[in-house]
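J.: build me a structure from this.
(one chain, ligands or ions: 1)
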Amino acid sequence: MQHGSGVLDDASAGVAVRDARREDLPQLLAIYNHWVLTSPATFDLEPLASEAWERWFESHRDPGRPVLVADGRGSGDAGGGLLGGAWLSAWRVRPGFAHTAESSIYLHPDAREQGVGRMLYAALIERARSLALHTLIAVITPPNPGSTALHRGLGYERVGLTREVGWKFERWHDSEIWQLILDREPRPGEREAGR
Ligand SMILES: CC(C)(COP(=O)(O)OP(=O)(O)OC[C@H]1O[C@@H](n2cnc3c(N)ncnc32)[C@H](O)[C@@H]1OP(=O)(O)O)[C@@H](O)C(=O)NCCC(=O)NCCS
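T.: Reported below is the predicted structural model:
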């Protein structure tokens, strides 16, 4: 696997991880909307329209809010094309939370359990490190064994549970909060403050 110019490329798997481009949006939206319709992994309740997805992409133009995609380059069980996307969003909007981001990932259903999620999410974490973010938060609706294994395998820890915060498919869902601290080095001021 090579690492250069922000792109991870696993030639053996025929999958490249790269920044999303505008022309990826229809395939990425189809993947996301599949999970909107079938899973409480997202609490969007209705498929998003392309205009809303364009606005979402615009809100990720900031380099601090990257959207990465796994590009199958015409091969694989998912029929080639886009295998999935992963992105960073604001965790909370107040300025003091600027060193924290929320990480998200959604794959084409046929691209699962082949290592694509791990490859894509590892690249997102690397990007977060290069952005000097301090910590990533992921929100998992249990049970989600694939997502749980992915996050645990990449070093996230389950740090919290909020009960019955989401309503979808005619029932309440809990949310688990998972966290990865990216840099254990103290930030300016922390050492002096004895933290
Ligand atoms: C969650 C998701 C991104 C995982 O991606 P993936 O490509 O299937 O995962 P990988 O093949 O890279 O596997 C990563 C790890 O999870 C494990 N895993 C994957 N699917 C699993 C499953 N269904 N049950 C148990 N373990 C699973 C793998 O064995 C691997 O473990 P390891 O690191 O110990 O080897 C993918 O299943 C997905 O898009 N799901 C639907 C959307 C979703 O739930 N997104 C997450 C929202 S929080």
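J.: end to end on stretch 101-118, go ahead and measure it.
T.: Stretch 101-118 has an end-to-end distance of 18 Å (Cα to Cα, to the nearest Å).
J.: show me how far it is from its chain's centre.
T.: 8 Å (Cα atoms, centre = their mean, to the nearest Å).
J.: for it, which residues meet the burial criterion?
T.: For stretch 101-118, burial by neighbour count (16 or more other Cβ atoms under 10 Å) applies to 101-108, 111-112, 114, 116-117. Quick note: C-beta positions are derived from backbone N, CA and C, even for glycine.
J.: and stretch 116-132, by the same measure?
T.: Residues 116-117, 119-128 are the ones in stretch 116-132 that count as buried (16+ other Cβ under 10 Å).
J.: and which of these is nearest Val17?
T.: Minimum distance to Val17 across the buried residues of stretch 116-132 is 4.3 Å, recorded for Ala123 (Cβ to Cβ).
J.: tell me the pLDDT of the closest one.
T.: At Ala123, the pLDDT value in this model is 98.
J.: where's it, which helix or strand?
T.: When secondary structure is defined by DSSP states H and E, Ala123 falls within helix 116-130.
J.: what's that helix packed up against?
T.: strand 7-10, strand 15-19, strand 67-71, strand 82-90, strand 100-107, helix 145-153 (3 or more Cβ pairs under 8 Å, 6 or more residues apart in numbering; DSSP states H and E).
J.: partners of the third one, with directions?
T.: This points to strand 67-71. Strand 67-71 has the following strand partners under DSSP bridges: strand 15-19 (antiparallel), strand 82-90 (antiparallel).
J.: what do you get for the fifth one?
T.: Strands that pair with strand 100-107, judged by DSSP bridges, come out as strand 82-90 (antiparallel), strand 135-140 (parallel).
J.: most centrally placed residue in this protein?
T.: The chain has Ser104 as the residue nearest its centroid, 2.3 Å off, counting by Cα atoms, centre = their mean.
J.: near the ligand, which residues of the chain? Just list them.
T.: Within the chain, the residues that sit near the ligand (Cβ under 6 Å from any ligand atom) are 35, 41, 105-107, 112-118, 138, 140, 144-147, 149-150, 153.
J.: hmm, try it at 5 Å
T.: Remark: the part of the chain in contact with the ligand comprises 35, 41, 105-107, 112-113, 115-118, 140, 145-147, 149-150, 153, using Cβ under 5 Å from any ligand atom.
J.: give me the nearest residue to the residue in the chain that the ligand sits nearest to, chain neighbours excluded.
T.: Nearest residue of the chain to the ligand, counting by Cβ to the nearest ligand atom: Gly117, 2.2 Å away. With Cβ to Cβ, 6 or more residues apart in numbering as the criterion, Gly117 has its nearest non-adjacent residue at 5.2 Å, and that residue is Leu150.
J.: for Trp56, same thing?
T.: With Cβ to Cβ, 6+ apart, the residue lying closest to Trp56 is Leu48, at 7.5 Å.
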